[in-house]
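In: Would you be able to build a 3D model of this:
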Amino acid sequence: MSAPKPAQSAPGAPAAPRRKPLVIPGFEIEAEVGRGHLTAVDVHPREVFRPLVRAGVAAAVCVHNHPSGDPTPSEPDLALTQRLRAGGELLGIPVIDHVILADGGTVSIAEWLAGQPAAAAGGEAAA
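Out: Numbers count the residues shown, from 1 in each chain. As a prediction, the model looks like this:
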């Protein structure tokens with residue numbers, strides 16, 4: 001039995017949207033843990049940490065792309081980073097960074113948060 005062939009668009013049909021995978025690169029593993037559509041990707045921390053726990057890694061860096069070309073972290077990007085950091089802390093696998101790749105450049109969320117006021121970084125603003 002042969003593998004199914006990918007569907008092809010009819011002539012004149014709109015092109016398929018560029019997808020946004022979230023990938024965990026590593027010396028031992030590289031796993032795609034989510035695939036979304038043009039503006040979002042749904043990722044659950046369990047899908048991120050499953051291959052990391054199996055591989056016995058000591059830390060992780062998550063990477064995803066922004067097909068829009070703008071590497072600025074979105075609110076969902078920041079929320080996911082916070083969830084991943086919390087999960088990693090519980091599991092003993094710190095998430096060192098979450099990097100966004102785009103045609104307009106690359107952004108390290110760790111560096112981006114370090115340059116933000118405390119309220120934007122998920123903490124409380126100083127009085």
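In: can we go C-alpha only for contacts and neighbour counts from here?
Out: Noted.
In: Now do the same for stretch 107-115: mean pLDDT, whole number.
Out: Per-residue pLDDT values over stretch 107-115 give a mean of 93.
In: can you check stretch 49-67 too?
Out: Here stretch 49-67 scores 89 as its mean pLDDT.
In: so how far is the first residue of it from its last?
Out: 24 Å (CA to CA, to the nearest Å).
In: repeat for stretch 42-61
Out: Using CA to CA, the end-to-end distance of stretch 42-61 comes out at 18 Å.
In: Report the separation between the closest residue to Ile93 other than its chain neighbours and Phe49.
Out: The shortest distance from Ile93 to any non-neighbouring residue, by CA to CA, 6 or more residues apart in numbering, is to Ala59 (4.7 Å). Summarising the geometry, the distance separating Ala59 from Phe49, computed by CA to CA, is 10 Å.
In: Among the two, which residue is more densely surrounded?
Out: For the pair Ala59 and Phe49, the greater number of neighbours falls to Phe49 (20 against 15), based on other CA atoms under 10 Å.
In: quick check: longest helix of the chain.
Out: helix 75-91 (DSSP state H).
In: Give me the next element, helix or strand, following it.
Out: strand 95-102 (DSSP states H and E).
In: Thank you kindly, that will do.
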